[in-house]
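Peer 1: got a sequence here, can you model it:
(2 chains)
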Amino acid sequence: MALMVVKFDLKKRVKLAQTVWFMYWFAVLAGILLLSLGLFFKIELRKRSELMDNNESHFLPNLLIIMGLIACGINAFGGKVCYDSLDPLKFVKWKTVLKPFLVFCVVFNALLLVTALFCFVMRIPLQFTLAEGLKNGMKYYKDSDTPGRCYMKRTLDLMQMEFRCCGNDNYRDWFEIQWVSNRYLDFSAKEVKDRIGSNVDGQYLMDGVPFSCCNPGSPRPCIQQQMTNNSAHYSYDHYTEELNVWKRGCRDALLSYYGGIMNTIGALVVLISVTVGLQYVQSSLSSLANPEDVESESEGFLLEKSVKETFTDIMTKMKTMGKGVKVEEGGEEGIATRE
Amino acid sequence: MTLLKMKFNQQRRVRLAQGLWLMSWLAVTGGAFIFCLGVYLKTELLRRDEVMENAEIHVVPNILMMVGLASMGTNWVASRVCQDSLDVSRFPRWKVPLLAWFAMAALLCCLLLTVVVLSYALQGSLEDSLKVGLRNGIRFYKDTDVPGRCFQKETIDRLQMEFRCCGNNNFKDWFEVQWVSSRYLDFTSQEVKDRIRSNVDGRYLLDGVPFSCCNPASPRPCLQNHLTDSRAHYNYEYQSEELNLYSRGCRQALTDYYMGLMNSTGPGVLSLFSCVQMSVLLSMRYLQTAVEAAIASENPEGESEGYLLDKGVKETYQDVRAKVLGLLKFGQVDPSEDASGAAEGAKTADTEKAATPTPAS
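Peer 2: Predicted structure coming up:
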């Protein structure tokens, strides 16, 4: 018993073909959208690759770009087939290709859903990459004279100002590293000698942060140095001071930014695959509904037999194919079982 | 002698109407684009409203928006006229409105030219407005507890960070103003007392700048305090230090930004649009005269002549002047009690007399 049988006369077939043609071109636009989303994400990752130690994974944007291109291709092909479907002469040459094409489309739709799943899941490796990259970035902040790292200071400063964040987890991360280059330290001064002597590695550590951590919304001019020393500044209590520097850590800020992009892209991909999937249903109806005689009525269906029977059919086919490959000596028998 | 006469047969008239219809829709799109341009410019000016003292520069986006809307309406009317132009029964009703249309289209072209001129001419006014606005902003930087001024600090900080500038003319403007609020000054300390005594007004002046002046591209962590004292910082030379702070003044930065905005869009877009508008105007004139001549002749489908002006430029000008003066004379009190014919006779004599005197009138 065929699945979802619908009767078609010429007018209905024409209307169906038109609708499906239109939906195929809509799907091409969706494919272009997918491609541009992949490109956008790739560019965003490239922009801040310095902060991720240049080893961020470009797997997801590349996948999106490839899926977008394939979507454009097969939907354009589908549109062409649809356009020819009402002309029996032209349609004959497409008839043989049609069934595998539809199967391929179903597989592609499943792949789209997998891509959407990736979008939501890739957040986790990104978190680790960001944590590692930011830690190294802060370490190289002072190396503005080392070739290859001389722009790290500017990148980090601009990022902290743009994303309104300070340090990796919070501003105290700056207390643990030396972010002032030795070129600007007077090693004959007592204060410098004290600070260098105060830790094992001989680093100039201070309880201060760079200027890019400052919050413009603070009512008070920014306090950057001696932040933990309440007596160093008039009317200042570092436990209750909230608006002076940005409270959020840059890892959180960047993660929520990229996470937002990936979630949006994932949602759009799900939407695209659902919309496009629906029209494959219609297209299978349309393709199977074209008989040789143009003017007569015809029946269109999704599947020749019911779902259960089709499934058992596919399973038997697969089993026989497997048997055919195994039994090489009994060649005739293999052929017989396949038949 | 007619100006720029051209012959039109029925096919050419149809072609002219079709071309004009297309061009008028193109001009409608152009008008919408100009309107959006005006809106964008106005939004950008309003965003920095707090550092501008007067709103004289707003006349540019206002005119742009008006011109955009007016041209959309005018060119839509032109497309309607085109559609009616080949229908003999419907075209005559456009006879009088077309005169108003021509005046409107000419006015639009003039306004566009005015906008381009204004956008250059108002640069001085913009600079002055910014000078006063920024000076006030810097003065009230410390007043984060005064209602009405509590956001000046954040505004100025964000402005300096976004436009990469410092102070009004340069960073030294911050040396002349107390930008640290008295709430955060310890008046018992010797340093504060010294500084307050060092000037007449008793202000806490220092040779330092806020953090928003810092340049991220500097290889060295930002130096904000004791800027003029080369000994206060290791390996620091006040005269030769260039990258530490932004060297540009905010007035210059903002002026450059707005002038760039107006000059990049102004001449290009507006001259293109006024070309389109002029061609619509001329084509409409040809269409009007050709169709009217065709309707007036015995054979509406036959050939007709289209022209720009009925007589030469000089004669048309004198005609128009005479008409306008006649209208003006109509308004005055007429002592003659004869019929309007005698009054009109007097009027024609008057206009002739008025036409001959010197062009001082």
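Peer 1: near chain B, which residues of the stretch 201-339 of chain A are found?
Peer 2: For the stretch 201-339 of chain A, the residues found near chain B under the criterion Cβ under 8 Å from any Cβ of the partner chain are A:210-212, A:214, A:216-217, A:219-222, A:224, A:233-235. Any C-beta I mention is one placed from the backbone N, CA and C, and that applies to glycine too.
Peer 1: list only buried entries from the residues you listed.
Peer 2: Buried members of these, scored by 16 or more other Cβ atoms under 10 Å in any protein chain shown, are A:210, A:211, A:212, A:214, A:216, A:219, A:220, A:221, A:222, A:224, A:233.
Peer 1: and the fifth one, helix, strand or coil?
Peer 2: By that I understand residue A:216. What DSSP: H, G, I helix; E, B strand; the rest coil gives for residue A:216 is coil.
Peer 1: am I right that it is in contact with residue B:158?
Peer 2: Yes. Assessed by Cβ atoms under 8 Å, residue A:216 is found in contact with residue B:158 at 5.5 Å.
Peer 1: shared neighbours of the two, anything?
Peer 2: Counting by Cβ atoms under 8 Å, 6 or more residues apart in numbering or on different chains, the common neighbours of residue A:216 and residue B:158 are residue B:212.
Peer 1: what's around residue B:302, how many residues?
Peer 2: The local packing of residue B:302 (other Cβ atoms under 10 Å in any protein chain shown) involves 12 other residues.
Peer 1: one more: residue B:173?
Peer 2: As a burial measure, residue B:173 scores 19 neighbours (other Cβ under 10 Å).
Peer 1: now it. Nearest residue, chain neighbours left out?
Peer 2: Of all residues not flanking residue B:173 in the chain, residue B:167 sits nearest, at 3.5 Å (Cβ to Cβ, 6 or more residues apart in numbering or on different chains).
Peer 1: quick one: contacts for the one you found?
Peer 2: By Cβ under 8 Å, 6+ apart, the contact set of residue B:167 is B:134, B:138, B:173, B:174, B:209, B:213, B:249, B:250.
Peer 1: tell me the secondary structure for the closest residue to residue A:221 other than its chain neighbours?
Peer 2: Nearest-residue entry for residue A:221: residue B:180, 5.5 Å, with adjacent residues in sequence omitted and distances by Cβ to Cβ, 6+ apart. Classification of residue B:180 by three-state DSSP places it in coil.
Peer 1: wouldn't residue B:180 be in contact with residue A:223 here?
Peer 2: No. Assessed by Cβ under 8 Å, residue B:180 is found out of contact with residue A:223, at 11.3 Å.
Peer 1: tell me how far residue A:262 lies from chain B.
Peer 2: To chain B, residue A:262 is 28 Å away according to Cβ to the nearest Cβ, to the nearest Å.
Peer 1: so which bits of the stretch 151-300 of chain B are right by chain A?
Peer 2: B:153-154, B:157-158, B:161, B:179-181, B:183-186, B:189, B:210-212, B:214, B:216-217, B:219-222, B:224, B:233-235.
Peer 1: for chain B, what's the longest helix?
Peer 2: Secondary structure of chain B per DSSP state H: the longest helix is helix B:250-296.
Peer 1: and that helix, what does it pack onto?
Peer 2: Secondary-structure packing of helix B:250-296 (3 or more Cβ pairs under 8 Å, 6 or more residues apart in numbering or on different chains; DSSP states H and E): strand B:6-8, helix B:10-47, helix B:59-85, helix B:95-121, helix B:123-139, helix B:152-163, strand B:304-306.
Peer 1: relative to helix B:152-163, how tilted is that helix?
Peer 2: Helix B:250-296 and helix B:152-163 are oriented at 70 degrees to each other (axes from the mean of the first three to the mean of the last three Cα atoms, to 10 degrees).
Peer 1: so what's the gap between helix B:250-296 and the chain middle?
Peer 2: Chain-centre distance of helix B:250-296: 13 Å, with Cα atoms, centre = their mean, to the nearest Å.
Peer 1: what angle do it and helix B:10-47 make?
Peer 2: Going by the same axes, to 10 degrees, helix B:250-296 makes 160 degrees with helix B:10-47.
Peer 1: any idea how far the nearest residue to residue B:115 once chain neighbours are set aside lies from chain A?
Peer 2: Nearest residue to residue B:115 in three dimensions, chain neighbours excluded: residue B:63, at 5.1 Å (Cβ to Cβ, 6+ apart). Noted for residue B:63: a distance of 35 Å to chain A, by Cβ to the nearest Cβ.
Peer 1: measure residue B:63 to residue B:315 for me?
Peer 2: With distances taken as Cβ to Cβ, to the nearest Å, residue B:63 is found 34 Å from residue B:315.
Peer 1: how about residue A:58?
Peer 2: Noted for residue A:58: a distance of 75 Å to residue B:315, by Cβ to Cβ.
Peer 1: so which residues of chain A form helices?
Peer 2: Ranges of helices in chain A, per DSSP H, are A:10-47, A:59-84, A:88-121, A:123-139, A:152-163, A:190-197, A:250-288, A:307-326, A:331-338.
Peer 1: mean pLDDT for these: which is lowest?
Peer 2: Here those differ in mean pLDDT, and the lowest is helix A:331-338 at a mean of 46.
Peer 1: may I see the helices of chain A organised as a markdown table, with mean neighbour count added?
Peer 2: A markdown table is the format used below for those (neighbours: other Cβ atoms under 10 Å in any protein chain shown):
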| stretch | mean neighbour count |
| --- | --- |
| helix A:10-47 | 17 |
| helix A:59-84 | 19 |
| helix A:88-121 | 15 |
| helix A:123-139 | 17 |
| helix A:152-163 | 20 |
| helix A:190-197 | 13 |
| helix A:250-288 | 18 |
| helix A:307-326 | 11 |
| helix A:331-338 | 12 |
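Peer 1: residue B:87 is nearest to which of those?
Peer 2: Residue B:87 lies closest, by Cβ to Cβ, to one member of the helices of chain A: helix A:10-47, at 34.6 Å.
Peer 1: close to chain B, is the closest one?
Peer 2: No. Figure legend: helix A:10-47 not in contact with chain B (Cβ under 8 Å from any Cβ); closest approach 15.7 Å.
Peer 1: what angle do helix A:152-163 and that helix make with each other?
Peer 2: Here the directions of helix A:10-47 and helix A:152-163 differ by 130 degrees (the same axes, to 10 degrees).
Peer 1: against which helices or strands is helix A:10-47 packed?
Peer 2: So helix A:10-47, by 3+ Cβ pairs under 8 Å, 6+ apart, packs with helix A:59-84, helix A:250-288.
Peer 1: mind showing which ranges of the stretch 201-350 of chain B have poor pLDDT?
Peer 2: For the stretch 201-350 of chain B, applying pLDDT under 70 flags the ranges B:331-350.
Peer 1: likewise the stretch 1-150 of chain B?
Peer 2: Applying pLDDT under 70 to the stretch 1-150 of chain B flags the ranges B:1.
Peer 1: near chain A, which residues of it?
Peer 2: Contact residues (Cβ under 8 Å from any Cβ) of the stretch 1-150 of chain B with chain A: B:144, B:145, B:150.
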